[in-house]
Each structure stands twice: as structure tokens, then as C-alpha cells.
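Asks: here you go, sequence then predicted model.
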Amino acid sequence: QVQLVDAGGGLVQAGGSLRLSCAASGRTFSSDAMGWFRQAPGKEREFVAAINWSGGSTYYADSVKGRFTISRDNAKNTVYLQMNSLKPEDTAVYYCAGGAYGPVANRYAYKYWGQGTQVTVSS
């Protein structure tokens, strides 16, 4: 059974940092692009960041560019999202996604999803 387990969310003040992790089990994702998405209450799930299979290419939403960094450790089958300079508008449930078979910024291109981890940024 394939599982993606998101972790690392929490409550942080504006300007603070958090590091999310996504640990995969059941299959290796070392050949797949991986992504992070987020969903705030009452809003659609939106793209945050993605990384190609080797980690050599990364992609970011304009709203997080320069503040968030996605990385991966294929030996650990784990993807990370380092979030710095957090803003209240970053508050959302963050989801890891794997097994992309289409454009990495398209949520419908992913086959596997984590359960989500809540990130709350207070002003």
C-alpha cells in the first residue's frame, strides 16, 4: 500500500519558519516528480512547489518564490518544504503529492496524496 505521510506543520508567528516533510512508503518515488499543494478554508487546493526526480529542477508558485525551498532525499524516499518568512496568508493545510504524470503544477496530475498537515501563521 502506497502512503505519503505529511508532517511538520504547526503554529508560528509571522516571519517565522517551518519545515515540512513527506515520507513515502509502499513504492519508491525516486523516478517521479513530487509536489506540495495547500488549501485554505473555502479555497481551491493550489500549487506551492514541485521538484523533479533528481532534485535538479524546482518550481514554485509566485506567492512563495524566494521564501520556500523544496528538496528531496531519494535515499530516504522523503520530500521537504522549508518555509521561511511566513505570512498569515500562508495559513492552510499543506499536502504532499507524488507520482506526477503531467504538468507538475496541476493537482490533477498526481496519483498519490498525503493526509495533509496544518500550518497556521499568526500576525
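Replies: In hand now; what should we look at? Computed from a predicted structure; not experimentally measured.
Asks: assess the claim that residue 87 and residue 14 are in contact.
Replies: Yes. Contact criterion Cβ atoms under 8 Å: residue 87 and residue 14 qualify, at 5.9 Å. Backbone N, C-alpha and C define where each C-beta goes, glycine included.
Asks: mutual contacts of these two, please.
Replies: Both residue 87 and residue 14 are contacted by residue 121, under the criterion Cβ atoms under 8 Å, 6 or more residues apart in numbering.
Asks: which residue ranges of the protein form strands?
Replies: 3-7, 10-13, 18-25, 34-39, 46-51, 58-60, 68-73, 78-83, 92-98, 112-113, 117-122 (DSSP state E).
Asks: show me the beta-bridge partners of the spatially most central residue of the chain.
Replies: Among the residues of the chain, residue 36 comes closest to the average C-alpha position under Cα atoms, centre = their mean, at 2.3 Å. Beta bridges link residue 36 to residue 49, residue 96, judged by DSSP bridges.
Asks: does it touch residue 20 like I think?
Replies: Yes. Using Cβ under 8 Å, residue 36 makes contact with residue 20 at a distance of 7.1 Å.
Asks: got any residues that touch both of these two?
Replies: Residues touching both residue 36 and residue 20 (Cβ under 8 Å, 6+ apart): 81, 94, 96.
Asks: distance between the ends of stretch 113-121?
Replies: 23 Å (Cα to Cα, to the nearest Å).
Asks: please spell out which residues along that stretch are buried.
Replies: 113-114, 116-117, 119, 121 (16 or more other Cβ atoms under 10 Å).
Asks: got it, and stretch 32-46?
Replies: So, applying 16+ other Cβ under 10 Å, buried residues of stretch 32-46: 32-38, 45.
Asks: most widely separated two among those residues?
Replies: Greatest spatial distance among the buried residues of stretch 32-46 (Cβ to Cβ): 32 and 38, at 20.0 Å.
Asks: mind pulling up the pLDDT for the nearest residue to residue 115 once chain neighbours are set aside?
Replies: Setting aside the residues directly before and after it, residue 115 is nearest to residue 6 in space (Cβ to Cβ, 6 or more residues apart in numbering), at 6.1 Å. Residue 6 is assigned 95 on the pLDDT scale.
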